[in-house]
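Asks: just to be clear, the model below is a prediction. Sequence and coordinates:
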Amino acid sequence: MIKKLEIIGVSILIVIGLIWGGGEIYLRNFANNKKLFITANKYKLAGDYFKAKLIFYLSYKAKNKKAATALAEIYQKHYQFAQAINWYKKAYQLSAKDSRCSIAERIAKAYTALSQREKAIEWYKKTHSDGEFVLSNIGDLFIKPEEFSEAEKWYKKAFKKVSWQISLLDFYDITNQSNKKKKFVAQVYSSKDIYRKSSVAHHFENSQKNYQQAIKFYSNIAIKDPQYYYSILEIAEKAGKYQKGITAYKKMTKKDKDSYLTKRMLANCYFNMEDYQSAYSLYLDILQKCYDDNNILKNLTMCSQKLNYISQTIEDINRLKNSNLKKYTLGYIYYKIGDIEKSNATFDIKPGEYYTYSCSSTAHIFMKNQDYDQAIKFFKLAALSSSGSASLYNNFIGNCYLNLNQYQNAIIWYEKIIPFNSENANELLGNCYQKMGHLDEAIKCYQKNSNSRSLKRAISLLLKKKQYDIALKYLAEYRSKGFYFPHQFRKAYYLKQQEKENDK
């Protein structure tokens, strides 16, 4: 009886296929499973999931495991995890034993999204993998105060397996186990494993903003691998540890010393230490190699003013080989010393071949000097005279309004970017709403994107609002789509458990 119903169902699907335009292709493809799958995949990529599911089903009936996986992915994309699991299991059964691992891991992640921990663990174990992600993923399922020891056990396995896996350190951070964290950090610091040390240094630098500890670890590594002196210089500039940065530069290899970024960071260190002579020489050296950098121009001009070098600086700039850069730099210097007439004359701000470029360059000068009203005026002129780059100038205009705290005006200009670059526009709009305190609107904007930075921001706002359940739901959904944010997941899970304990 069931078999007959299944046959009737497939027949109906074929008839429905024939009703659509070009129906004959479905009959031909039904006999040719490869073409059938390709046709279904085209619909999937086009977002026509109803047709895609129908044709993938026909393909699956011809024992195509890829079709079963594709159907699971469609259900997963729409957060229908139970149906996704059902189809992943069909794909798992059709797959050869040596190619089942990735499907088993997907099933485990779907069970995680459904908060079915035992099932998730069962399928993680079926991956027959002791790789760092599988081990730490299992550890993530035990972040409850009464189960910390179990979570710790899995994180330790992951740490032992792979040098750069430091989910254990992240776990100690989130759960405030400071003594265990100190012991772990000391253990890594005294080890000989460079990759392990650099992972811990990276964690201190980016997750905790603990620059002192990051410099300590990178300094230890750089003794054996001098390329890490670059990392020390980079952090030193950010953290205001300028002398440490200069010391690190002196120990670099010649190749690293000669790079543009290295020289710029070193010059900034000298500049912030008020060693304007050393900074001036480095900034000028960078400009002579034709690197167009507004920050360098700004600092070069300030050094010139501090050293009373304005006439000398103008002579130095006139020797630059790149005529556009020369014009741009001189225009900036004249503006900075208050000679607006010479600044405009240098840029030649009048209709002609370089009108758009001149307007844009002048606008950038005003923007870098925080004269946003003037910058908006010239960016609008550039946008009106440019057909191909109007969306770029709309972006800059929005940025100027943002810096003026005129958020509604910024939103108007950012919305103009949506047809050209929706990902960028959504992130900018989300940032505006966030600054206005409209967190729900900001979250909606960030969630429209499919890049990790926007999604992370959405989760951070949910955590800020103490909406841990919603955060965990979205984290599970993102994870099933390939975006995994372990720190946010562990933090949300832990805070949720803490909230439950406090409510008792």
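Replies: Perfect, thanks for sending it. Numbers count the residues shown, from 1 in each chain.

Asks: quick one: A442 and I337, what's the gap?
Replies: 41 Å (Cβ to Cβ, to the nearest Å). All C-beta spots, glycine's among them, are computed from the backbone N, C-alpha and C.

Asks: give the contact list for D285.
Replies: Residues in contact with D285 (Cβ atoms under 8 Å, 6 or more residues apart in numbering) are K263.

Asks: how about Q305?
Replies: 336-337.

Asks: immediately after whichever strand or helix holds it, which helix or strand?
Replies: Using DSSP states H and E, Q305 sits within helix 294-306. The helix or strand immediately downstream of helix 294-306 is helix 310-318, counting by DSSP H and E.

Asks: pull the distance from that next one to the chain's centre.
Replies: Helix 310-318 has its C-alpha centroid displaced from the chain centroid by 41 Å (Cα atoms, centre = their mean, to the nearest Å).

Asks: so which bits of the helix or strand just after that helix are buried?
Replies: Using DSSP H and E, the helix or strand that follows helix 310-318 in sequence is helix 323-336. Neighbour counts over helix 323-336 (16 or more other Cβ atoms under 10 Å) mark 325-336 as buried.

Asks: returning to that earlier point: next, the buried residues of the helix holding Q305.
Replies: With burial defined by 16+ other Cβ under 10 Å, the residues of helix 294-306 counted as buried are 296-304.

Asks: which stretches of the stretch 101-250 of the chain form helices?
Replies: Counting by DSSP state H, counting those that start in this stretch, one finds helices in the stretch 101-250 of the chain at the ranges 101-113, 117-126, 132-140, 148-161, 167-174, 178-189, 194-202, 211-222, 229-239, 242-250.

Asks: now render those as JSON lines, adding mean pLDDT, mean neighbour count and distance to D256.
Replies: Output for those, formatted as JSON lines (pLDDT from 0 to 100; neighbours: other Cβ atoms under 10 Å; distance: least, Cβ to Cβ, whole Å):
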{"stretch": "helix 101-113", "mean pLDDT": "86", "mean neighbour count": "22", "distance to D256": "39"}
{"stretch": "helix 117-126", "mean pLDDT": "88", "mean neighbour count": "17", "distance to D256": "42"}
{"stretch": "helix 132-140", "mean pLDDT": "80", "mean neighbour count": "22", "distance to D256": "30"}
{"stretch": "helix 148-161", "mean pLDDT": "86", "mean neighbour count": "18", "distance to D256": "31"}
{"stretch": "helix 167-174", "mean pLDDT": "86", "mean neighbour count": "22", "distance to D256": "28"}
{"stretch": "helix 178-189", "mean pLDDT": "92", "mean neighbour count": "14", "distance to D256": "24"}
{"stretch": "helix 194-202", "mean pLDDT": "90", "mean neighbour count": "19", "distance to D256": "16"}
{"stretch": "helix 211-222", "mean pLDDT": "93", "mean neighbour count": "20", "distance to D256": "11"}
{"stretch": "helix 229-239", "mean pLDDT": "92", "mean neighbour count": "22", "distance to D256": "5"}
{"stretch": "helix 242-250", "mean pLDDT": "93", "mean neighbour count": "19", "distance to D256": "9"}
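
Asks: in CSV: those, plus distance to Q467.
Replies: Below are those laid out as CSV (distance: least, Cβ to Cβ, whole Å):
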stretch, distance to Q467
helix 101-113, 17
helix 117-126, 22
helix 132-140, 19
helix 148-161, 23
helix 167-174, 18
helix 178-189, 28
helix 194-202, 29
helix 211-222, 31
helix 229-239, 32
helix 242-250, 41
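
Asks: neighbouring contacts of stretch 244-254?
Replies: 215, 219, 222, 226-227, 229-230, 232-233, 236-237, 257, 262, 265-266, 269-270.

Asks: got phi/psi on H438?
Replies: H438 adopts backbone torsions of phi -90, psi 80, taken as degrees, to the nearest 10.

Asks: how close does the one residue sitting closest to the centre of the chain get to I166?
Replies: The C-alpha lying nearest the average C-alpha coordinate of the chain belongs to R453 (Cα atoms, centre = their mean; 3.7 Å). As judged by Cβ to Cβ, R453 and I166 stand 21 Å apart.

Asks: just H202 next, same as before
Replies: Counting by Cβ to Cβ, the gap from H202 to I166 is 9 Å.

Asks: ditto for C400
Replies: Relative to I166, and taking Cβ to Cβ, C400 is found at 41 Å.

Asks: what of N394?
Replies: For N394, the distance to I166 - Cβ to Cβ - is 42 Å.

Asks: tell me which of the two has more neighbours.
Replies: Taking other Cβ atoms under 10 Å, N394 and I166 do not tie; I166 has more neighbours (25 against 21).

Asks: the more buried one touches F159, doesn't it?
Replies: Yes. With contacts counted by Cβ atoms under 8 Å, I166 reaches F159, the gap being 6.9 Å.

Asks: now do the same end-to-end measure for stretch 69-89.
Replies: 9 Å (Cα to Cα, to the nearest Å).

Asks: for A96, phi and psi?
Replies: Dihedral angles (degrees, to the nearest 10) for A96: phi -70, psi 150.

Asks: nope, N451 is what I meant
Replies: Torsion angles, degrees, to the nearest 10, at N451: phi -110, psi 150.

Asks: quick check: buried residues in stretch 422-435?
Replies: So stretch 422-435, judged by 16+ other Cβ under 10 Å, has buried residues 424-434.

Asks: mind putting the residues you listed into TSV with distance to R490, secondary structure and pLDDT?
Replies: TSV is the format used below for the buried residues of stretch 422-435 (distance: Cβ to Cβ, whole Å; DSSP: H, G, I helix; E, B strand; the rest coil; pLDDT from 0 to 100):
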residue	distance to R490	secondary structure	pLDDT
N424	30	helix	89
A425	31	helix	91
N426	27	helix	91
E427	25	helix	93
L428	29	helix	93
L429	29	helix	94
G430	24	helix	93
N431	26	helix	93
C432	30	helix	94
Y433	27	helix	94
Q434	23	helix	93
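
Asks: distance to Q374 added to these, as JSON lines?
Replies: Below are these laid out as JSON lines (distance: Cβ to Cβ, whole Å):
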{"residue": "N424", "distance to Q374": "25"}
{"residue": "A425", "distance to Q374": "25"}
{"residue": "N426", "distance to Q374": "29"}
{"residue": "E427", "distance to Q374": "26"}
{"residue": "L428", "distance to Q374": "22"}
{"residue": "L429", "distance to Q374": "25"}
{"residue": "G430", "distance to Q374": "28"}
{"residue": "N431", "distance to Q374": "23"}
{"residue": "C432", "distance to Q374": "22"}
{"residue": "Y433", "distance to Q374": "27"}
{"residue": "Q434", "distance to Q374": "27"}
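
Asks: which one of these is nearest F81?
Replies: Of all the buried residues of stretch 422-435, N426 has the smallest distance to F81: 25.6 Å, by Cβ to Cβ.

Asks: what residues are up against the closest one?
Replies: Per Cβ under 8 Å, 6+ apart, neighbours of N426: 418, 445-446, 448-449, 454.

Asks: neighbour-wise, which of the residues you listed leads?
Replies: Y446 (25 neighbours).

Asks: and it, which helix or strand is it part of?
Replies: Y446 is part of helix 439-447, with elements assigned from DSSP H and E.

Asks: report the mean confidence score over that helix.
Replies: In this model, helix 439-447 has a mean pLDDT of 91.

Asks: quick one: mean pLDDT over the helix or strand following that helix.
Replies: Next in sequence after helix 439-447, counting helices and strands by DSSP H and E, comes helix 452-464. For helix 452-464, the mean per-residue pLDDT is 87.

Asks: picking that back up, what residues are up against the residue nearest to the residue nearest to the centre of the chain when sequence neighbours are not counted?
Replies: Distances taken as Cβ to Cβ, 6 or more residues apart in numbering put E427 closest to R453, at 7.2 Å, once the chain neighbours are dropped. Residues in contact with E427 (Cβ under 8 Å, 6+ apart) are 445-446, 449, 451, 453-454, 457.
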